[in-house]
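Q: my questions concern the predicted model and sequence given below.
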Amino acid sequence: MNNNFLRAVFFLSFCQAFSVPQVTLIIVIDQFAYHELQKLLPFFKGGIKFLHDNGINYTYAVQPQGTPVTGTGHAVISTGTYAAEHGIISNSWFDAHGKKVICDEDPEMPVIAPHGVYSYGRSAKNLYVDTLSDQIILNSSPHAQCNVLSLSLKSRAAILMAGNLGKALWFDERSGRFTSSKAYYSALPQWLTEFNNKNHLRKNGIMWHLNKKNKSAYNFKLTHNYNYVDGHESLIEHLNPKLFLKTPPANQLLMECATSAFLEWFEKKSLNNHLVMWLSISSLDKVGHLYGPYAQETIDMLYHIDEHLGIFLNTIFEHVDKQELLVALTSDHGVHPIMQLVKKQGLDFARKVNSSRLRAALNKYIEQKFGYKNSIEHIKIPYCYCNPTIKNLPARELTRIKRAIVEQLRKYPGIKNCWLIEDLLSQQFQASSIEYHLQKQYYPGRSGDIIFQIMPYTDMSKIPWGTKHNAPYDYDTHVPLMLYHPSTLPAQTIDERVIIQQLPVTLAHFLQVPRPSASTCDILPGI
């Protein structure tokens with residue numbers, strides 16, 4: 001009898017320890033590089049600090065992308081696989097006719113907003129595999145339903161995390177309201193309409209104030225160098241409503257919207273109802289492109305995110321037992337510094353490559369050598385897209401032209417290597433190598449005809465100002481990764497290399513649903 005009692009207690013404890021979390025929150029801070037976490041952690045006091053100190057902190061988490069960008073990174077986080085499978089090779093690409101395709105565009109899905117900024121709708125139509133959100137909804141039962149909501153200031157971030165079956169909401173900059181498309185709602189939910197009516201004018205009169213009174217929190221090298229910023233001035237303590245999405249109040253508005261969504265769910269939830277909320281915080285990316293990671297604006301943006309995230313988590317803690325909460329925090333990609341500043345610091349090989357000039361030089365070379373004009377129609381790192389007209393040439397002649405482009409590209413400053421697509425795909429590389437990640441970036445019909453690898457500290461852009469995140473190197477691919485689930489995960493630090501594709505597989509493990517079908521990864525260590 002006593003043994004049976006002990007077995008029953010053990011069984012109940014086991015079930016409690018491995019029950020599905022009542023609330024799962026996946027936070028993606030857009031353009032949050034691990035080197036920024038390392039630098040600013042001593043000054044964090046809010047949500048980022050809490051998750052770092054009380055959960056599992058993975059110090060070497062990698063977004064293994066050939067070109068780390070928002071669309072691809074969010075697709076990786078939700079599908080657990082590479083662009084070669086999910087199809088989102090970038091934020092945009094060019095089709096066989098040379099037409100630009102936006103990764104979340106869908107002309108057949110109108111936006112639900114009379115003042116929508118888009119003339120066409122948005123959906124996950126271009127995402128070719130299922131996501132964790134899809135698996136959660138597919139495996140939700142009537143007696144244990146799960147709500148899946150994805151929010152962001154960017155449509156592509158919200159949509160690629162929601163997949164086809166979750167609900168996606170994003171911010172419409174022109175109307176100043178959160179919206180969605182017919183792919184997710186027939187009409188906006190009442191709670192969101194009320195939130196929009198109350199808050200949509202908040203972008204007027206926004207002033208950006210520094211988060212910290214302690215000057216040492218900003219006492220880093222080059223924080224006030226605006227020589228390579230468009231406009232050469234700071235956003236802090238300046239009033240400019242047109243730049244709302246590049247300010248901390250935009251992130252604050254997003255998290256207040258997420259809070260309203262959570263409270264709406266909490267008030268109406270049933271006993272076995274669960275919530276999975278994806279939250280992509282976008283303004284760090286928007287300001288980071290202008291100012292780079294060294295600037296006071298970027299540093300202060302992270303301090304504000306840390307504070308606002310702490311407030312949001314505290315609201316959840318007031319309503320949900322911490323033992324019933326699972327939180328993950330990561331990023332879609334990192335960021336590289338402004339290359340002119342790096343060069344001035346002594347790295348002479350740092351450079352800015354103008355992609356328009358590169359295209360013109362290559363086209364001039366091919367015209368002189370073969371007589372064909374405008375052989376390359378687009379250069380979008382890491383691809384050269386050949387002009388559709390020369391693709392009608394005999395295969396042998398077309399190959400001669402493409403190989404000549406490859407040969408010339410390899411000589412260009414800032415280019416480390418270059419391949420015909422078929423040459424790169426025919427080789428075998430180690431799974432952690434840059435060449436392997438470039439292979440896994442390829443998707444037929446979307447990728448270009450020639451693929452190239454830039455050198456470290458090379459920025460390729462048409463714009464002379466600011467910075468990007470398009471390199472397969474540590475500063476663009478090494479991102480934070482934290483997991484918080486106090487009922488099963490003790491606070492610890494794990495230093496072994498992990499990839500972000502493991503995150504949705506691990507979340508599926510906790511949520512007791514099948515992993516996204518295209519993922520082949522193991523769950524994260526320490527689970």
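A: It's in. Numbers count the residues shown, from 1 in each chain.
Q: tally of neighbours for the closest residue to L347 other than its chain neighbours?
A: The shortest distance from L347 to any non-neighbouring residue, by CB to CB, 6 or more residues apart in numbering, is to Y457 (5.9 Å). All C-beta spots, glycine's among them, are computed from the backbone N, C-alpha and C. A total of 20 residues lie near Y457 under the criterion other CB atoms under 10 Å.
Q: how close does Y457 sit to Y473?
A: Distance, Y457 to Y473, by CB to CB, to the nearest Å: 8 Å.
Q: quick check: neighbours shared by the two?
A: Listed as contacting both Y457 and Y473 by CB atoms under 8 Å, 6 or more residues apart in numbering are H336.
Q: pretty sure M277 is in a strand, no?
A: Yes: assessed with DSSP: H, G, I helix; E, B strand; the rest coil, M277 lies in a strand.
Q: which residues does it bridge with?
A: Taking DSSP bridges as the rule, M277 bridges to L25, L149.
Q: thought it was touching A158?
A: No: M277 lies out of contact with A158 (CB atoms under 8 Å); the separation is 11.2 Å.
Q: and these two? Which one has more around it.
A: Legend: neighbour count by other CB under 10 Å for M277 and A158, higher for A158 (29 against 22).
Q: for the more buried one, helix, strand, or coil?
A: Secondary structure state of A158, per three-state DSSP, is helix.
Q: please apply the same query to L37.
A: Put simply, L37 is helix when judged by three-state DSSP.
Q: what sits against the residue positioned nearest the centre of the chain?
A: Taking CA atoms, centre = their mean, the centroid of the chain lies closest to D332, which sits 2.9 Å from it. By CB under 8 Å, 6+ apart, the contact list for D332 reads 28, 30-31, 63, 68-70, 72-74, 76-77, 157, 280, 479.
Q: give me the common contacts of M277 and A158.
A: Residues touching both M277 and A158 (CB under 8 Å, 6+ apart) are S150, L151.
Q: domain ranges for the chain?
A: 20-65+96-338+472-511, 346-461 (automatic domain parsing).
Q: highest mean neighbour count out of those domains?
A: Highest mean neighbour count of those: domain 20-65+96-338+472-511, a mean of 19 (counted as mean count of other CB atoms under 10 Å).
Q: need the domains of the chain in TSV (columns: mean pLDDT).
A: Below are these laid out as TSV (pLDDT from 0 to 100):
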stretch	mean pLDDT
domain 20-65+96-338+472-511	92
domain 346-461	95
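Q: now distance to T81 too, for these, in TSV please.
A: Below are the domains of the chain laid out as TSV (distance: least, CB to CB, whole Å):
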stretch	distance to T81
domain 20-65+96-338+472-511	6
domain 346-461	9
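Q: which stretch among these comes nearest S519?
A: domain 20-65+96-338+472-511 (5.4 Å; CB to CB).
Q: span of that closest one from start to end?
A: 5 Å (CA to CA, to the nearest Å).
Q: how far is stretch 229-237 from where the chain is centred?
A: Relative to its chain's centre, stretch 229-237 lies at 25 Å (CA atoms, centre = their mean, to the nearest Å).
Q: end to end, how far does it reach?
A: Stretch 229-237 has an end-to-end distance of 17 Å (criterion: CA to CA).
Q: about what we covered before: pretty sure the residue nearest to L347 contacts Q345?
A: No: if you go by CB under 8 Å, Y457 and Q345 don't touch, sitting 10.5 Å apart.
Q: picking that back up, just the contacts of D332: which are in helices?
A: The subset of those located in helices under the criterion DSSP state H comprises T70, T72, G73, H74, V76, I77, A157.
Q: can you pull the pLDDT of the first one?
A: Read it as T70. Each residue has a pLDDT score; the one for T70 is 97.
Q: show me what contacts it?
A: Applying CB under 8 Å, 6+ apart, the residues contacting T70 are D30, N91, K154, R156, A157, D285, D332, H333.
Q: got those as TSV, with distance to S141 columns?
A: Compiled in TSV, these are given as follows (distance: CB to CB, whole Å):
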residue	distance to S141
D30	34
N91	36
K154	32
R156	31
A157	29
D285	37
D332	32
H333	36
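Q: next, give phi and psi for Y475.
A: Main-chain torsions, Y475, degrees, to the nearest 10: phi -60, psi -20.
Q: off-centre distance for stretch 429-447?
A: Mean C-alpha position of stretch 429-447 versus that of the full chain (CA atoms, centre = their mean) differs by 18 Å.
Q: again with stretch 155-172
A: Chain-centre distance of stretch 155-172: 12 Å, with CA atoms, centre = their mean.
Q: circling back: residues contacting the residue nearest to L347?
A: With contact set as CB under 8 Å, 6+ apart, Y457 has these partners: H336, P337, M339, V342, L347, F349, A350, R351.
Q: among the residues you listed, which ones are in helices?
A: Counting by DSSP H, the contacts of Y457 contribute M339, V342 to helices.
Q: not counting sequence-adjacent ones, nearest residue to Y473?
A: Nearest one to Y473, counting by CB to CB, 6+ apart, is P456 at 5.2 Å.
Q: what about V327, which SS state?
A: strand.
Q: other residues contacting stretch 138-150?
A: 20, 130, 133, 136-137, 158-159, 161-162, 165-169, 261, 265, 270, 272-280, 511, 513-514.
Q: cutoff 7 Å now
A: Surrounding stretch 138-150, the residues in contact under the criterion CB atoms under 7 Å, 6 or more residues apart in numbering are 133, 136-137, 158, 161-162, 165-168, 261, 265, 272-278, 513-514.
Q: with stretch 517-527 instead?
A: 56, 79-81, 85-86, 129-130, 492, 494, 496, 498-499, 501-506, 509.
Q: check stretch 194-212 too.
A: Here stretch 194-212 has contacts from 43, 176-178, 218, 235-237, 239, 241, 244, 247-249, 253, 257, 260, 300, 303-304, 307, using CB under 7 Å, 6+ apart.
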